[in-house]
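Enquirer: Next come a sequence and a model predicted from it.
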Amino acid sequence: MILVVGGAGYIGSHLVKELVEKEQVIVLDNLSTGHRYLVDDRAVFIQGDLGNRADLEPIFEKYPIKAVMHFAANSLVGESVVHPLKYYQNNVAATLTLLETMLKYNVKNFIFSSTAATYGIPNVELITEDCPTNPINPYGRSKLMIEHILADFASAYGLNYVVLRYFNAAGAHESAEIGEDHNPETHLIPIVLQHLLGQRDKISVFGTDYGTPDGTCIRDYIHVTDLAKAHILALEALLSDKKKTAIYNLGNGLGYSVKEVIETCEKVTGRKAVIEYTDRRPGDPARLVASSQKIYEELGWKAEYSLEDIIASAWKWHQRKG
Ligand SMILES: NC(=O)c1ccc[n+]([C@@H]2O[C@H](COP(=O)([O-])OP(=O)(O)OC[C@H]3O[C@@H](n4cnc5c(N)ncnc54)[C@H](O)[C@@H]3O)[C@@H](O)[C@H]2O)c1
Ligand SMILES: O=c1ccn([C@@H]2O[C@H](COP(=O)(O)OP(=O)(O)O[C@H]3O[C@H](CO)[C@H](O)[C@H](O)[C@H]3O)[C@@H](O)[C@H]2O)c(=O)[nH]1
């Protein structure tokens with residue numbers, strides 16, 4: 001069985017929907033930002049906290065767990081600057097409790113959701129995994145701390161792990177049964193689509209004076225189903241002993257500016273957005289675009305969905321959700 005921690009969240013629930021086709025799945029989630037309805041019925045759902053041994057130990061006692069996939073975290077950059085204690089507590093301290101419990105029960109395979117925010121402000125066009133990691137906010141630092149802890153645990157305790165550094169996750173499952181349901185929503189694509197559905201008056205574009213061709217920030221948007229597929233390949237590599245430890249970027253390798261994303265949303269939906277140009281949002285690097293060459297060469301993964309596909313799938317989900 002595979003334990004998916006944070007499997008009621010946006011990305012975790014999409015992974016679970018793919019994984020239940022191949023494996024028996026248990027989801028542990030405290031529903032702090034996730035939703036019970038996002039979890040596929042074929043998975044066992046347990047409401048609990050990964051920082052609480054009393055929630056964890058019965059799961060490891062009862063089920064023969066082959067691997068743990070860890071999606072649970074707080075992940076709002078701005079909030080992490082204002083409330084770092086919450087981030088170090090939930091993303092670092094609670095994860096240590098999870099890792100300690102895994103070791104106690106001799107479960108040695110771990111897949112970790114990391115982020116492009118570990119790179120900070122890179123000075124290259126395409127970010128490779130060996131670029132320096134200098135995160136500029138507590139969220140990014142909390143994720144990088146776990147990456148270092150995993151390397152130490154691999155040497156000392158024989159932990160096998162794959163770290164997946166996602167760029168900007170977006171889109172929804174092709175069935176439109178599940179999608180991104182964050183409250184509050186802070187991510188660009190769902191905000192634009194909510195606006196185009198009439199749920200927001202306007203969109204704010206945060207900063208037009210970046211050193212990019214149109215002055216707005218450039219990001220690498222990756223479909224959540226592409227992310228789910230990468231997790232399954234990473235799991236297979238760990239379980240087959242093909243990989244003991246690895247770090248991979250997950251992105252499209254294509255950068256789109258905030259203005260380009262809005263234009264693509266207008267094109268896909270056939271609706272026109274009302275845009276307000278405001279100051280920069282603190283903590284935003286100008287450009288984050290991945291090289292995902294390493295995971296292509298080692299595990300054969302590459303992104304299949306374009307920005308238009310991503311937005312079209314998210315639009316279908318937002319319309320259905322209303
Ligand atoms: N969304 C993105 O663009 C993005 C990009 C890079 C990395 N990530 C990382 O991917 C992971 C998933 O992100 P998401 O967008 O799906 O977030 P999400 O908030 O939708 O999902 C996180 C899930 O973890 C659960 N959770 C949080 N703390 C918990 C705890 N202590 N115990 C049990 N459950 C807990 C939440 O209830 C939620 O269901 C996170 O680790 C995030 O840092 C996300
Ligand atoms: O209303 C909005 C919302 C966002 N933006 C801009 O759109 C871009 C994308 O912003 P998102 O909030 O959608 O995503 P981020 O790039 O800030 O962050 C996401 O990707 C990061 C890695 O690239 C981290 O992993 C983080 O967890 C995840 O939320 C940024 O330039 C942001 O300033 C706007 O202009 N207006």
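Expert: Everything's here; your move. Residues are numbered from 1 along each chain as shown. Ligands and ions are numbered 1, 2, ... in the order given.

Enquirer: Break down the stretch 201-322 of the chain into its helices, ranges please.
Expert: Taking DSSP state H, counting those that start in this stretch as the criterion, the stretch 201-322 of the chain contains helices spanning 224-239, 258-269, 293-299, 307-321.

Enquirer: so of the ones you listed, which one's packed in deepest?
Expert: Stretch with highest mean neighbour count among these: helix 224-239 (a mean of 21; mean count of other C-beta atoms under 10 Å). For glycine as for every other residue, the C-beta is placed from the backbone atoms N, C-alpha and C.

Enquirer: So that helix, near ligand 2 or not?
Expert: No. If you take C-beta under 6 Å from any ligand atom as the test, helix 224-239 misses ligand 2, and the best it gets is 11.5 Å.

Enquirer: Between helix 307-321 and that helix, find me the angle.
Expert: 110 degrees (axes from the mean of the first three to the mean of the last three C-alpha atoms, to 10 degrees).

Enquirer: Just put the helices of the stretch 201-322 of the chain in TSV and tack on mean pLDDT.
Expert: Putting the helices of the stretch 201-322 of the chain into TSV (pLDDT from 0 to 100) gives the following:
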stretch	mean pLDDT
helix 224-239	98
helix 258-269	98
helix 293-299	98
helix 307-321	97
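
Enquirer: Low-confidence regions, the chain specifically.
Expert: Nowhere does the chain drop to pLDDT under 70.

Enquirer: Near ligand 1, which residues of it are found?
Expert: So the chain meets ligand 1 at 6, 8-12, 28-34, 49-51, 71-73, 75, 90, 94, 113, 115, 166, 168-169, 182 (C-beta under 6 Å from any ligand atom).

Enquirer: So which of those are in strands?
Expert: Those of the residues of the chain next to ligand 1 mapping onto strands are Leu28, Asp29, Ser113, Thr115, Tyr166, Asn168, Ala169, per DSSP state E.

Enquirer: Put together CSV for these, with neighbour count on each row.
Expert: Listed next are these as CSV, based on neighbours: other C-beta atoms under 10 Å:
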residue, neighbour count
Leu28, 24
Asp29, 27
Ser113, 26
Thr115, 24
Tyr166, 22
Asn168, 20
Ala169, 23
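
Enquirer: Give me the buried subset of the residues of the chain next to ligand 1.
Expert: By the neighbour-count criterion of 16 or more other C-beta atoms under 10 Å, those include these buried positions: 6, 8-12, 28-30, 33-34, 49-51, 71-73, 75, 90, 94, 113, 115, 166, 168-169.
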